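Q: Turn this into a structure:
(one chain, ligands or ions: 1)
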Amino acid sequence: MRPVGSKYLLEEPLGRGATGTVWRARQRETAGAEAAVPGSPGETVAIKVLKEELANDADIVMRFLRERSVLLRLTHPNIVRVRDLVVEGDLLALVMDLVDGPDLHRYLRENGPFTPVAAALLTAQIADALAASHADGVVHRDLKPANVLLQQQGGQMHPMLTDFGIARLADSPGLTRTSEFVGTPAYVAPEGAEGRPQTSAVDIYGAGILLYELVTGRPPFGGGSALEVLHQHLSAEPRRPSTVPDPLWTVIERCLRKSPEERPSAENLARGLRVVAEGIGVHVNSAQIAAAEGVGALLAPDPAPAQVPGTPEPFGSADPTQVLPNNAGTYDPNAATSVMQHTSGPAGPQGAADPTAVMPSMPPNPPGGPGQGGGPEDPHPWQNQLRAARDRNEQTQVQYLDPSEDPLRRRPQRQAGRPPQQPPQGRRPQQAPPGQDYGYPQQQPQQYAPQRQAPPPPQPQRYAPPPPQQPQQPAPRPQREPREPRQPRQRSANPMRIPGLGCLKGCLFTIVILFVAGWLVWEFSPLQGWIGTTKGYWDQLTTWVGDITGWIEDVSGSASDLRQ
Ligand SMILES: Nc1ncnc2c1ncn2[C@@H]1O[C@H](COP(=O)(O)OP(=O)(O)OP(=O)(O)O)[C@@H](O)[C@H]1O
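A: Numbers count the residues shown, from 1 in each chain. Have a look, this model is predicted:
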């Protein structure tokens, strides 16, 4: 058993997420005044020990301490209470109430979708928790079934939202600097995916995705790769399953609006969902049905959404202090914006983005800067992400180089050319188990026998980018077909490589050619008549050779006479 600080002992791991491991732990002694809940010796608690890379980052430790008061003061019946924060050496830990029950992700996987009424009532309680935290200026930013724990209370399940503030820690400049942020795109709001300003409306979008998943068994946007899912968040409309009643669909559709300004406030969402649950149940009267059908009127947008610290300010906000949350002291206008929420755990339903996909953090993106609609030539944030991923992960590709383009082609090449290297194979996202039936009712919330097990640690995965759509960029140069390797030169005429033999052969060949050409000219041209000898070719050649020899002897004879 490992001690955490002087007051807690870790007993057994309950599960592991992207930001750390959650342990069942026991309190050794009563915590000091700095803890929100002092506790008593022997009490069981849950402790989330944050990953080392978070704990080793000075920025994150600072942020952790600065947000201490925010995390400790968040109390609500549907929020898992943070009792204490421990910073000791390289250990960073959150001490929480232990919740006896599964998380919603696991529950869904094991029991299938909820009925529309149950889904609406459960999401209404989550919306209650969001309304309380938003009123306190705290945006969750990582709303997903894995962050909703289901506590058993008298045979009923009571949803408890957890992991407040963790997304903000993971979003700190320190982690962005390392560019290693593990995340899932399945619950990211469009503005978050694009690195645009974020407000509490991102939690409403997350609640809409969660509600959709509760009634259908899967999130609305899935795909083969994380980028495909992001693309759908930005441009696709969610498909409405025929089994979702009209009033419930109205709520889902409002939450999933692409424009954050059109989404309801958490408070209105909670109210609307309760009205819907009443109007679509079994024993309903006509007034309840009418109220449910008019739910759209209840879903008024939030007039003053809480701003996410560290993200660009919303457009049109002249005064940045107007959007500061209550915990204005934690506002950091220079904090880097990360667009990916993290997640972990087993693969989701079929078609869902792989929760363990490694997503690069967005580079800091100032308002009006690249990627914010500044101009058509600005790279899209996805392109930045892709480039970052490539810079980080992909090996340099060795490709065939045409000799005409090789500046070194005249130099002796000592190395045999390497074969073209295959691009690294991006691991396909894990295939989730077969999708579940869309119909309802499938499952009413049931008694759950808690059965804990540590899920395997998330495996970072490379995501496969979809075909690039970059009309404003010059088309990439088509790759050349690798050439056939050249056959080695045949040198059988001089296998012994005798020096000069090649030259001698050439000379002899030239002499033969001259001899044959001379003979042809001698026989078939008037040359023979002009010279007038009427000799044959060979005789004439012999005569010429004799004349030349005699002339040489005369010349050499007269030269020796002169020397004497
Ligand atoms: N307060 C708690 N009480 C009991 N179990 C908990 C508590 N908090 C978390 N757990 C369990 O621990 C496991 C891991 O939790 P964690 O929050 O790390 O997972 P996650 O939400 O999937 O990851 P992350 O939020 O870091 O991406 C989950 O299965 C959850 O059920």
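Q: Tell me how far Pro116 lies from the ligand.
A: Distance, Pro116 to the ligand, using CB to the nearest ligand atom, to the nearest Å: 25 Å. Placement of C-beta: from N, CA and C, glycine included.
Q: any idea how far Ala55 is from the nearest residue to that residue once chain neighbours are set aside?
A: Excluding the flanking residues, the one nearest Pro116 by CB to CB, 6 or more residues apart in numbering is Leu248, at 5.0 Å. Using CB to CB, to the nearest Å, one obtains 42 Å as the distance from Leu248 to Ala55.
Q: Neighbour count for the two, which is higher?
A: Leu248 (27 against 19; other CB atoms under 10 Å).
Q: immediately after whatever helix or strand that one lives in, which helix or strand?
A: In this assignment (DSSP states H and E), Leu248 forms part of helix 246-255. Sequence order places helix 266-279 as the next helix or strand after helix 246-255, per DSSP H and E.
Q: What residues sit buried inside that following helix?
A: For helix 266-279, the neighbour count (16 or more other CB atoms under 10 Å) marks 266-279 as buried.
Q: so the residue nearest to Pro116 sits right up against Ala118, yeah?
A: No. Leu248 lies out of contact with Ala118 (CB atoms under 8 Å); the separation is 11.3 Å.
Q: Against which helices or strands is the helix holding Leu248 packed?
A: If you count contacts as 3 or more CB pairs under 8 Å, 6 or more residues apart in numbering; DSSP states H and E, helix 246-255 packs onto helix 116-135, helix 201-216, helix 266-279, helix 286-293.
Q: Could you identify which of those is most buried?
A: Each of the helices and strands packed on helix 246-255 was assessed for mean neighbour count using mean count of other CB atoms under 10 Å. The highest is helix 201-216, with a mean of 27.
Q: any idea of the mean pLDDT for that helix?
A: The average pLDDT within helix 201-216 is 97.
Q: So which bits of the next helix-or-strand element following it are buried?
A: Note on helix 201-216: by DSSP H and E, the next helix or strand toward the C-terminus is helix 226-235. For helix 226-235, burial by neighbour count (16+ other CB under 10 Å) applies to Ala226, Leu227, Glu228, Val229, Leu230, His231, Gln232, His233, Leu234.
Q: which of these lies closest to the ligand?
A: Nearest to the ligand out of the buried residues of helix 226-235 is Ala226 (CB to the nearest ligand atom; 15.0 Å).
Q: how many neighbours does the residue of the chain found nearest the ligand have?
A: Per CB to the nearest ligand atom, Gly17 is where the chain lies closest to the ligand, at 1.9 Å. Gly17 has 25 neighbouring residues, counting by other CB under 10 Å.
Q: next one: the one 5 residues further on
A: The local packing count at Val22 equals 23, with neighbours defined by other CB under 10 Å.
Q: So which residues make contact with the helix holding Leu248?
A: Helix 246-255 is contacted from outside by 116, 119-120, 204-205, 207-209, 211-212, 215, 238, 240, 244, 262-264, 269, 272-273, 275-276, 279-280, 292-293, 295-296, 299, using CB atoms under 8 Å, 6 or more residues apart in numbering.
Q: Give me the buried positions along it.
A: In terms of neighbour count (16+ other CB under 10 Å), helix 246-255 has its buried residues at Pro247, Leu248, Trp249, Thr250, Val251, Ile252, Glu253, Arg254, Cys255.
Q: And the strands in this protein?
A: Secondary structure of the chain, counting by DSSP state E: strands at 2-4, 8-16, 20-27, 44-50, 82-88, 91-97, 148-153, 156-161, 181-182, 358-359.
Q: Let me know which of the ones you listed is tucked in deepest.
A: Greatest burial across the strands of the chain, using mean count of other CB under 10 Å, falls to strand 358-359, with a mean of 25.
Q: quick one: Leu256 and Gly208 touch, right?
A: Yes. Counting by CB under 8 Å, Leu256 does reach Gly208; the two are 4.4 Å apart.
Q: where does this protein come near the ligand, residue by residue?
A: Contact residues (CB under 6 Å from any ligand atom) of the chain with the ligand: 14-20, 22, 46, 48, 80, 96-99, 103, 146-147, 149, 162-163, 166, 342-345.
Q: Now the terminal residues of stretch 140-153, how far apart.
A: By CA to CA, to the nearest Å, the extent of stretch 140-153 from end to end equals 25 Å.
Q: before we move on, what about stretch 288-301?
A: 23 Å.
Q: right, and Glu11 touches Trp23 too?
A: Yes. Contact criterion CB under 8 Å: Glu11 and Trp23 qualify, at 6.7 Å.
Q: what stretches of the protein score poorly on pLDDT?
A: Applying pLDDT under 70 to the chain picks out residues 1, 165, 167-184, 309-503, 532-533, 563-564.
Q: Now do the helix ranked longest in it: which elements does it pack against?
A: The residue-count maximum for a helix in the chain (DSSP state H) belongs to helix 537-563. Secondary-structure packing of helix 537-563 (3+ CB pairs under 8 Å, 6+ apart): helix 501-524.
Q: list the helices and strands the helix it packs on packs on?
A: By 3+ CB pairs under 8 Å, 6+ apart, helix 501-524 packs against helix 537-563.
Q: Buried residues, the helix it packs on. List them.
A: Gln540.
Q: got it, and stretch 64-72?
A: Result for stretch 64-72 [16+ other CB under 10 Å]: buried residues Phe64, Glu67, Arg68, Val70, Leu71, Leu72.
Q: show me the contacts for the first one.
A: Read that as Phe64. Leu50, Leu85, Val87, Leu92, Leu169.
Q: Also Ile126?
A: Asn78, Leu143, Val148, Pro159, Leu161, Ala207, Leu210.
Q: I'd like to know how many residues surround the first one.
A: Here the count is done by other CB under 10 Å, and Asn78 has 21 residues near it.
Q: quick one, phi/psi of Thr243?
A: Backbone geometry at Thr243, expressed as degrees, to the nearest 10, gives phi -90, psi -10.
Q: Number the chain from 38, please
A: Yep, numbering from 38; the last one is Thr280 now.
Q: ok, so of the buried residues of stretch 101-109, who is nearest Ala70?
A: Ala70 lies nearest to Leu109 out of those, by CB to CB, at 11.6 Å.
Q: how about the closest residue in space to the closest one that isn't next to it in sequence, what does it touch?
A: Spatial nearest neighbour of Leu109, excluding adjacent residues (CB to CB, 6+ apart): Ala73 at 4.0 Å. Listed by CB under 8 Å, 6+ apart, the contact set of Ala73 reads Leu109, Arg110, Arg118, Val119, Arg120, Asp121.
Q: thinking the fifth one is in contact with Thr81, fair?
A: Meaning Arg120. No. The pair Arg120 / Thr81 is not scored as a contact, 11.6 Å apart, by CB under 8 Å.
Q: which of the residues in stretch 557-572 are buried?
A: Applying 16+ other CB under 10 Å to stretch 557-572 flags Trp559, Gln565 as buried.
Q: which other residues reach it?
A: Against stretch 557-572 from outside (CB under 8 Å, 6+ apart): Tyr574, Gln577, Thr580.
Q: The first one touches Gly555, doesn't it?
A: Yes. Under the criterion of CB under 8 Å, Tyr574 lies in contact with Gly555, with a separation of 7.2 Å.
Q: So which of the helices and strands packed on helix 283-292 is nearest Val345?
A: So among these, helix 238-253 is nearest, using CB to CB, at 7.0 Å.
Q: now for the closest one, which elements pack on it?
A: Applying 3+ CB pairs under 8 Å, 6+ apart, one finds that helix 238-253 contacts helix 141-148, helix 153-172, helix 227-230, helix 283-292, helix 303-316.
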